[in-house]
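**Q** sequence plus the predicted model coming up.
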Amino acid sequence: MSQDATGRPIRIALEVADPALADRLTAILATVADLQRVSAGEDAEVVLVQRASRATMGSVEPQLTPRELEVLALLAEGASNKTIAARLNISVHTAKFHVGSVMDKLDAVGRTDAVAQAARLRVINL
């Protein structure tokens, strides 16, 4: 059942820029009992917001620090955390932290994906 504690229907709003996606979600939500779709800006218990895709995020350059750019260059060479630490004269723990930060900022799922994303965004040249 989709009612809140008061027994009223749950009010849900969509903030979706893509009209086709908005139509699909509206159709799906219409099949759920005790759910009331409201317009964006109205009071709602739930708001579904469309997250930017990687394609649209591509125009936004990630803000990498100079150290993160150094780490990224070493990642592109295939360096391990231990190698990164030695080359940059930092601890392995710090190298691991920087690698994680680079991956987060590039929305990457792994080291190789981070390098690929950086190349696609022209943050680095391969």
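**A** Done, it's in.
**Q** domains for this structure, by residue range?
**A** Split into domains by automatic domain parsing, the chain comes to 10-51, 66-120.
**Q** need those domains in CSV (columns: mean neighbour count, mean pLDDT and distance to residue 126).
**A** (C-beta placed from N, C-alpha, C; glycine too.) Shown next, in CSV, are those (neighbours: other Cβ atoms under 10 Å; pLDDT from 0 to 100; distance: least, Cβ to Cβ, whole Å):
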stretch, mean neighbour count, mean pLDDT, distance to residue 126
domain 10-51, 13, 83, 28
domain 66-120, 17, 94, 5
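**Q** what is the longest helix of this protein by residue count?
**A** Longest helix in the chain by number of residues (criterion: DSSP state H): helix 92-105.
**Q** what comes into contact with that one?
**A** With contact meaning Cβ atoms under 8 Å, 6 or more residues apart in numbering, helix 92-105 is reached by 62-64, 67-68, 71-72, 75, 81-82, 84-85, 88, 90, 108-111, 113-114, 118.
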